[in-house]
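1. Got a predicted structure here, sequence first:
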Amino acid sequence: MEHTMEQRCLYDYNLAELTELLKGWGEPSFRARQLYRHLYVNLTASVERMTDLPATLRARLAELPLSTLRLERVQIGDAGLTRKALFRLPDGAVVETVLMVYPDRSTVCVSTQAGCGMGCVFCATGRLGLLRNLSSGEIVAQAIWASQELRAMNAAGPSGRVTNLVFMGMGEPFANYDRWWQAVERLHDPQGFNLGARSMTVSTVGLVKGIERLANERLPINLAISLHAPDDTLRSELMPVNRRYPIAELMAATRQYITKTRRRVSFEYVLLQGKNDHPHQAIALARLLRREASPGPMLVHVNLIPWNPVPGTPLGRSEWERVTAFQQILTDYGIPCTVRVERGVEIAAACGQLAGQTTLMVEMT
Ligand code: SAH
Ligand code: SF4
């Protein structure tokens, strides 16, 4: 079982743990399954509404919070198709979750930590520093919120439910590995939330130990690695983590991951005007990926991300011509490459803009 610091909530338990908990109260195991269905299939918003459970059990369950996330605000952008939730945790920390609805799918972007300790200079979350790790229940409950939101929106067709989940919100997932992985297992559970492993993607700043662990996990979730520079000097300037795990080590771990899993890895590359978007840097990136990550067929992909503004940084967003020129070079070198379509910029819900505005305001005063 996990952690002692935070208050536990019902979303911190998997089915086996709920069964144990209820068994201790003298309840048969089918009651735990009923409760689990309420939590992950029916998305029942309160214990009182689980009316098929006996009143005595409901009274007992009500002593534990259903979720420790308190929804403070939902901001809506992109004509209703992007929604950002701000949650307050019992200790005052805030986290954000973003729901993006597309014609054929709905993606939720989930946070794994309140703040982040990795200090990437281009990222709003990094500027907060690490407040704390989220519990598995706090991670899971964000996906539950997204599902409930979709249900309330009455979205029809495939986008009416969460079809994709990315761990690309606040925080570094591999710096909170155990709890994050418990959340993955729980969201995947076919008896519960039932989200396919291939529908989940984790993004890491490049913690090599986490990449090694992920290669040995039983669920084949997708891996994205934040690279952002083709050489160590620049990468260390942008991302302090590079001093601990320089590019050669990161690439060696990636190569092993690909060899072991036979799964494609995505590299994320945020484009910063005049910093990392020069044609010679595109060539260097293409050469690096060709050399390092292609023992057999090339199982890599590059996702170019036009930088989203973060107030108070001296950085600039690459002009569109530079983005397309960069993409063209990678394509010419045979590296599959896409440009990430933006969502939620006007409500500061885009990549790297999550900082929980309330917290920032407190910090500035
Ligand atoms: N900590 C993890 C996952 C969260 S960040 C990581 O760093 O990979 C998700 C992605 O958004 C990362 O690739 C990150 O580098 C990128 N990002 C951070 N700040 C950004 C910004 N201001 N504009 C665009 N992308 C940003
Ligand atoms: Fe943390 Fe990722 Fe932001 Fe870097 S980019 S500070 S690792 S959230």
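-> Structure's in. What do you need? Ligands and ions are numbered 1, 2, ... in the order given.

2. C-alpha from now on. contacts and neighbour counts both.
-> Noted.

3. Can you name the residues of the stretch 1-150 of the chain sitting close to ligand 2?
-> 116, 118, 119, 120, 123, 125, 126 (CA under 6 Å from any ligand atom).

4. and which of these is nearest residue 228?
-> Proximity of those to residue 228 (CA to CA) peaks at residue 120, which lies at 10.4 Å.

5. how close does the closest one get to residue 216?
-> Distance of residue 120 to residue 216, computed by CA to CA, to the nearest Å: 28 Å.

6. Which one's more surrounded, the two?
-> For residue 120 versus residue 216, neighbours defined as other CA atoms under 10 Å are more numerous around residue 120 (20 against 12).

7. What does the residue nearest to the more buried one when sequence neighbours are not counted show for phi and psi?
-> Excluding the flanking residues, the one nearest residue 120 by CA to CA, 6 or more residues apart in numbering is residue 239, at 4.5 Å. Per-residue torsions, residue 239: phi -140, psi 100 (degrees, to the nearest 10).

8. Show me which residues of stretch 54-74 are buried.
-> Buried residues in stretch 54-74, counted by 16 or more other CA atoms under 10 Å: 58, 61, 66, 67, 68, 69.

9. can you dump the C-alpha coordinates of that stretch into PDB?
-> Extracted in PDB, the C-alpha atoms of stretch 54-74 (Å, rounded to 0.1, in the frame of the first residue of the first chain):
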ATOM      1  CA  PRO A  54     -26.500  -1.000   2.200                       C
ATOM      2  CA  ALA A  55     -26.900   2.200   4.200                       C
ATOM      3  CA  THR A  56     -24.500   1.000   6.900                       C
ATOM      4  CA  LEU A  57     -21.800   0.400   4.300                       C
ATOM      5  CA  ARG A  58     -22.400   3.800   2.700                       C
ATOM      6  CA  ALA A  59     -22.100   5.500   6.100                       C
ATOM      7  CA  ARG A  60     -18.800   3.700   6.700                       C
ATOM      8  CA  LEU A  61     -17.500   4.500   3.200                       C
ATOM      9  CA  ALA A  62     -18.500   8.200   3.600                       C
ATOM     10  CA  GLU A  63     -15.700   8.400   6.300                       C
ATOM     11  CA  LEU A  64     -13.200   8.200   3.400                       C
ATOM     12  CA  PRO A  65     -13.300  10.900   0.800                       C
ATOM     13  CA  LEU A  66     -14.300   9.600  -2.600                       C
ATOM     14  CA  SER A  67     -11.600  11.800  -4.100                       C
ATOM     15  CA  THR A  68      -9.200  14.300  -2.600                       C
ATOM     16  CA  LEU A  69      -9.400  16.600  -5.700                       C
ATOM     17  CA  ARG A  70     -11.600  19.500  -5.100                       C
ATOM     18  CA  LEU A  71     -12.700  21.100  -8.300                       C
ATOM     19  CA  GLU A  72     -12.100  24.800  -8.000                       C
ATOM     20  CA  ARG A  73     -12.600  26.000 -11.600                       C
ATOM     21  CA  VAL A  74     -13.100  24.800 -15.100                       C
END
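
10. quick one: the nearest residue to residue 199 once chain neighbours are set aside from residue 206, how far?
-> What sits nearest to residue 199 in space, not counting adjacent residues and going by CA to CA, 6+ apart, is residue 164, at 4.9 Å. Per CA to CA, residue 164 is found 22 Å from residue 206.

11. and if you look at residue 115?
-> Distance from residue 115 to residue 206, by CA to CA: 17 Å.

12. neighbour-wise, which of these two wins?
-> Set side by side, residue 115 and residue 206 show more neighbours around residue 115, with 31 against 26, by other CA under 10 Å.

13. beta partners of that one?
-> For residue 115, the beta-bridge partners under DSSP bridges are residue 130.

14. so it touches residue 123, yeah?
-> No - the pair residue 115 / residue 123 is not scored as a contact, 10.6 Å apart, by CA atoms under 8 Å.

15. What's the local residue count around the residue in the stretch 201-350 of the chain positioned nearest to ligand 2?
-> Nearest residue of the stretch 201-350 of the chain to ligand 2, counting by CA to the nearest ligand atom: residue 205, 4.7 Å away. For residue 205, the tally of surrounding residues (other CA under 10 Å) stands at 23.

16. hey, where'd the strands end up in the stretch 251-365 of the chain?
-> Ranges of strands within the stretch 251-365 of the chain are 265-271, 300-306, 337-339, based on DSSP state E, counting those that start in this stretch.

17. Dump those into CSV; add mean pLDDT as well.
-> Output for the strands of the stretch 251-365 of the chain, formatted as CSV (pLDDT from 0 to 100):
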stretch, mean pLDDT
strand 265-271, 97
strand 300-306, 95
strand 337-339, 95
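
18. among these, which is nearest residue 19?
-> Of all these, strand 265-271 sits nearest to residue 19, with 37.3 Å by CA to CA.

19. Give the pairing partners of that closest one; include direction for each.
-> Within its sheet, strand 265-271 is paired with strand 222-226 (parallel), strand 300-306 (parallel), according to DSSP bridges.

20. I'd like to know which of these is closest to residue 181.
-> Checking the strands paired with strand 265-271 against residue 181 by CA to CA gives strand 222-226 as the closest, at 13.1 Å.

21. one step back: who wins for neighbours among the residues of the stretch 1-150 of the chain next to ligand 2?
-> residue 125 (30 neighbours).

22. Distance check, it against residue 169.
-> Taken as CA to CA, the span from residue 125 to residue 169 is 9 Å.

23. shared neighbours of the two, which are they?
-> Both residue 125 and residue 169 are contacted by 352, 354, under the criterion CA atoms under 8 Å, 6 or more residues apart in numbering.
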